[in-house]
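Asks: build the 3D model from these lines:
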Amino acid sequence: MELAKNSSQEINPKSLSFLNIESYEIKQSRSNLKVPVINGVHLHSNYHPAKEAKKIIANIEHQLKENNHLLILGLGFAYHVYEACKLLESYHGQNYKVIVIEPNEQTYSECIKNNLFPNKNIEVYATDSVANIYKEKSVVTFLSSKPTILTHAPSFSLYTDFYKAFLDFEADKRISECVEHIKSAELKTLLYNGNQNFSVDEYIEENIYQTSEFKNKNDFLLLAFDAIIKQG
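Replies: Okay, here's the model as predicted:
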């Protein structure tokens, strides 16, 4: 997975100010692979990024043998992603999935420009909005499968606040934020008519558990929905 070789490149950091990035440049390692350097932090080895990536993935080989889902926090220039996919494929064939979370869209754009993601088993979410990531149903479904988690140390140290927010995230439970993810048109209409600032739990509590008797089929619908939520 050798990237196109060219000279060091500096990128205007103004567009990246939301991540407190003061400098962004791309250098060449001694093995002639590109290495992004952000705020003076080398995201890969300045000597052998590919060898470094192999060692990183070797540390989680046992987990990847047992688990075909991998969550990677930090993209860099994807040397570790590439090695992880090679190992997953050796154990699971094409039956595996990798999701990468990366807050710096510029880094992701550079990877795309250098054709680093031909693999359909990889999904990259490149945004600084944790809430937007969790709005993706595929991400929530993937996380519920309890994937192996790999933290790319240089990326994590550079974007610590972002990754902590990602790991500690609690979804907005208000009806206004949840209703768009509900498939049932009948249930969706019912919730739309409720107080949008209520959480779904609050709405069900008020309309089901604080009433003395069920009034109509909507009450049974809410009761069934509550049972599904509690089952996870």
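Asks: what is the subsequent helix or strand relative to the lowest-mean-pLDDT helix or strand in the chain?
Replies: Ranked by mean pLDDT, DSSP states H and E, the helix or strand of the chain with the weakest confidence is strand 9-11, at a mean of 48. As assigned by DSSP states H and E, the chain's next helix or strand after strand 9-11 is strand 24-28.
Asks: centroid-nearest residue for this protein?
Replies: residue 101 (3.8 Å; CA atoms, centre = their mean).
Asks: and residue 123, helix, strand or coil?
Replies: For residue 123, the secondary-structure state derived from DSSP: H, G, I helix; E, B strand; the rest coil is strand.
Asks: for it, which non-adjacent residue is spatially closest?
Replies: residue 99 (5.0 Å; CB to CB, 6 or more residues apart in numbering). All C-beta spots, glycine's among them, are computed from the backbone N, C-alpha and C.
Asks: phi, psi of the one you found?
Replies: phi -120, psi 130 (degrees, to the nearest 10).
Asks: and it, what does it touch?
Replies: For residue 99, the contact set (CB atoms under 8 Å, 6 or more residues apart in numbering) comprises 70, 71, 72, 122, 123, 124, 125, 139, 142, 147.
Asks: my read: the third one touches residue 101, true?
Replies: Yes. Taking contact to mean CB atoms under 8 Å, the distance of 7.2 Å between residue 72 and residue 101 places them in contact.
Asks: okay, helices next: where are they in this structure?
Replies: Assigned by DSSP state H, the chain shows helices spanning 49-58, 61-66, 79-92, 105-113, 130-134, 137-144, 153-158, 160-167, 175-178, 185-192, 200-204, 217-231.
Asks: out of those helices, which gets nearest to residue 24?
Replies: Evaluated over these, closeness to residue 24 peaks at helix 105-113, with 6.5 Å, by CB to CB.
Asks: sorry, back to before: out of the helices of the chain, which is the most enclosed?
Replies: Of all these, helix 79-92 carries the top mean neighbour count, a mean of 20, counting by mean count of other CB atoms under 10 Å.
Asks: quick one: list the elements packing against that one.
Replies: When contacts are defined as 3 or more CB pairs under 8 Å, 6 or more residues apart in numbering; DSSP states H and E, helix 79-92 packs onto helix 49-58, helix 61-66, strand 69-73, strand 97-102.
Asks: columns distance to residue 160 and mean pLDDT on top of these, output as a markdown table?
Replies: Output for the helices and strands packed on helix 79-92, formatted as a markdown table (distance: least, CB to CB, whole Å; pLDDT from 0 to 100):
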| stretch | distance to residue 160 | mean pLDDT |
| --- | --- | --- |
| helix 49-58 | 19 | 97 |
| helix 61-66 | 23 | 97 |
| strand 69-73 | 11 | 98 |
| strand 97-102 | 13 | 96 |
